[in-house]
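In: sequence and computational prediction follow.
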Amino acid sequence: MSSVSLFLHNRFSQKKEIFTPLNPKEVTMYVCGPTVYGPIHMGNARSIIVFDVLFRLLRYLFPRVVYVRNITDVDDKINVQAKNLGISITELTHTTIAEFHQDIQALHVLPVSVEPRATHHIPHMIAIIETLLEQGVAYWAEDHVLFDVSKDPHYGTLSGANIEEILAGSRVELAPYKRNPQDFVLWKPAVEEQEFWPSPWGNGRPGWHTECCAMSKEYLGSRFDIHGGGSDLLFPHHENESAQTRSAFNIEQSVKYWIHNGMLMVEGQKMSKSLGNVLLLKDVLKQVSGSVVRWACLSSHYRHPLDWGSALLHQATQCVESVLRVLALPWDGTPHMDEDFLAYLCDDLNTPGALTALHAAAKRALQDPQWVPIVHTCAGLIGIEATFSFMTMELRNKIESIITERNRARAEKDFQRADTLRHEVEALGIVLEDTPQGTYWHQRI
């Protein structure tokens, strides 16, 4: 256990606090995982990478860490996708979970301590709903069980949302069976062709917010240290989850530190299906290595938005390449930590600062062998690993020469020659990206 202090920004208090776990011998963390109806996108990937770095850091600082990341395998989106593909829900979720693991493995994400699936914990969810009904904070109406938000005086304290904002929110479901429009579903009745389970209120399935409430309780207890996820989950998911745990477990707060990462933008625009700019992780991994994706995702502070684009990938590729040159050098396995690097990470996961320190250490290591173990240690803590070989200066110069010649051909409108040169450089395992700022290139995996 390290003596270095860790500071994290707590969304509940809205300030940076020193991290003190409930049990000094064991840190407990729950992070919302994927809803498995299709491949994850880069926004999902950023969150997974951020909390993987936090997991690595906590393991470095504390003797034991229990990290739970759930899988939501019951959801309306899953039902719709399975129907569209003409396959069973089980087949869809089984395939998608396998693809998810394959994708994040390419990002060098460490295995979590526990990865519970929602469908394996239906009895736990039913038990919580029964408790909420007994306490009078939930009600049964038209085969739905709903949480009565008016019975929770602390509702909105996590997200900062007030009742007026909630009523105006587009994500609030309006339904005649609700006492109040902001009440949320704990259990919903079965619908034809959808997966369902028996319950005291008839066949149906649980509400999304109840799933995480039950799984976190099962593996971490009614109180645990960290709850993480993307900022898009703050409301309504985490607000509703928090409301349930307060009432079901009769505690003021179940989570000591709420941590949320910012959203991922694409060339300055919000990533959305309507704009047609959704980036799937599996497609990005066809272009660059997992280490480059990690570096790019960590180049902005986790609480801030990240603008994804060609320039970002180009810069990340060059930085990773310099680190990989050092990782190719021999090392006896004895860790040596750079104090500046560690200080950045312990300051609310300041990964931009940590990456700058790692890059500087890599430059020094090429001149001074004493820095080689430092680079190995820091790269391991942040998850940068060698997945492709670095190139020789001769090959780099050849690539740059071809690109210069191709740019000249394009300027002279000799597009046939330009295409020939593109194919020539691609044959070397290089991907070209033409942007208004110029032509960028990087190695293909």
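Out: That came through fine.
In: how about residue 375, what does it touch?
Out: 323, 326, 327, 358, 361, 362, 365 (Cβ atoms under 8 Å, 6 or more residues apart in numbering). In short, each C-beta sits where N, CA and C put it, glycine included.
In: tell me, how many neighbours does the second one end up with?
Out: By the other Cβ atoms under 10 Å criterion, the neighbourhood of residue 326 contains 25 residues.
In: my read is that it contacts residue 373, right?
Out: No - with the criterion set as Cβ atoms under 8 Å, residue 326 and residue 373 do not qualify as a contacting pair; they are 9.9 Å apart.
In: could you export stretch 102-109 as PDB, CA atoms only?
Out: Presented in PDB, the C-alpha positions along stretch 102-109 are these (Å, rounded to 0.1, in the frame of the first residue of the first chain):
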ATOM      1  CA  GLN A 102     -12.800  -9.200 -27.500                       C
ATOM      2  CA  ASP A 103     -13.000  -5.500 -28.200                       C
ATOM      3  CA  ILE A 104     -11.900  -4.400 -24.700                       C
ATOM      4  CA  GLN A 105      -9.200  -7.000 -24.600                       C
ATOM      5  CA  ALA A 106      -7.600  -5.200 -27.500                       C
ATOM      6  CA  LEU A 107      -7.600  -2.100 -25.300                       C
ATOM      7  CA  HIS A 108      -5.500  -3.900 -22.600                       C
ATOM      8  CA  VAL A 109      -8.400  -3.600 -20.100                       C
END
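In: buried residues of that stretch, list them for me.
Out: Buried residues in stretch 102-109, counting neighbours by 16 or more other Cβ atoms under 10 Å, are found at 103, 104, 106, 107, 108, 109.
In: lowest-confidence one in these?
Out: When the buried residues of stretch 102-109 are compared on pLDDT, residue 106 comes out least confident, at 92.
In: that one reaches residue 288, doesn't it?
Out: No - with contact defined as Cβ under 8 Å, residue 106 does not reach residue 288; the gap is 10.3 Å.
In: so how many other residues sit close to the closest residue in space to residue 327 that isn't next to it in sequence?
Out: Sequence neighbours aside, residue 386 is the residue nearest to residue 327 in space, at 4.9 Å (criterion: Cβ to Cβ, 6 or more residues apart in numbering). Here the number of neighbours of residue 386 (other Cβ under 10 Å) works out to 16.
In: measure residue 386 to residue 379 for me?
Out: 9 Å (Cβ to Cβ, to the nearest Å).
In: anything in contact with each of these two?
Out: Jointly contacting residue 386 and residue 379 under the rule Cβ under 8 Å, 6+ apart are residue 327.
In: retrieve the pLDDT associated with the residue nearest to residue 327.
Out: Value listed for residue 386 in the pLDDT field: 70.
In: with residue 274 instead?
Out: What the model reports for residue 274 is a pLDDT of 75.
In: hang on, residue 367 in a strand?
Out: No - the assignment for residue 367, made by DSSP: H, G, I helix; E, B strand; the rest coil, is coil rather than a strand.
In: pull out the buried residues from stretch 400-417.
Out: Within stretch 400-417, the residues scored as buried using 16+ other Cβ under 10 Å are 402, 403, 406, 409, 410.
In: next structured bit after the least confident helix or strand in the chain by mean pLDDT?
Out: Taking mean pLDDT, DSSP states H and E as the measure, the helices and strands of the chain show their lowest mean at helix 163-168, namely a mean of 54. Scanning the chain past helix 163-168 towards its C-terminal end, the next helix or strand to appear is strand 184-189 (assignment: DSSP states H and E).
In: so how far is that next one off the chain centroid?
Out: 27 Å (Cα atoms, centre = their mean, to the nearest Å).
In: any chance you could list what contacts that strand?
Out: Looking at strand 184-189 with Cβ under 8 Å, 6+ apart, the contacting residues turn out to be 126, 129, 132, 138, 142-147, 149, 173, 199, 201-207, 209-210, 236, 240, 244.
In: how far away is the nearest residue to residue 267 once chain neighbours are set aside from residue 268?
Out: Computed as Cβ to Cβ, 6+ apart, the closest residue to residue 267 that is not its neighbour in sequence is residue 309, at 4.8 Å. In this view, residue 309 and residue 268 are 8 Å apart by Cβ to Cβ.
In: and the two most separated of the buried residues of stretch 400-417?
Out: Of all pairs drawn from the buried residues of stretch 400-417, the one with the longest distance (Cβ to Cβ) is 402 and 410, at 12.5 Å.
In: could you list the low-pLDDT ranges of the stretch 301-445 of the chain?
Out: Low-confidence segments of the stretch 301-445 of the chain, defined by pLDDT under 70, span residues 387-393, 435-437, 440, 442-445.
In: tell me where it has helices.
Out: 310-327, 339-346, 351-365, 372-382, 393-411, 415-426 (DSSP state H, counting those that start in this stretch).
In: tell me the contacts of residue 50?
Out: Counting by Cβ under 8 Å, 6+ apart, the residues that residue 50 touches are 228, 261, 297, 298, 302, 349.
In: do you know how far it is from residue 429?
Out: Relative to residue 429, residue 50 is positioned 30 Å away (Cβ to Cβ).
In: relative to residue 27, how far out is the nearest residue to residue 356 once chain neighbours are set aside?
Out: The spatially closest residue to residue 356, leaving aside those adjacent along the chain, is residue 344, at 7.9 Å (Cβ to Cβ, 6+ apart). Applying Cβ to Cβ, the value for residue 344 to residue 27 is 20 Å.
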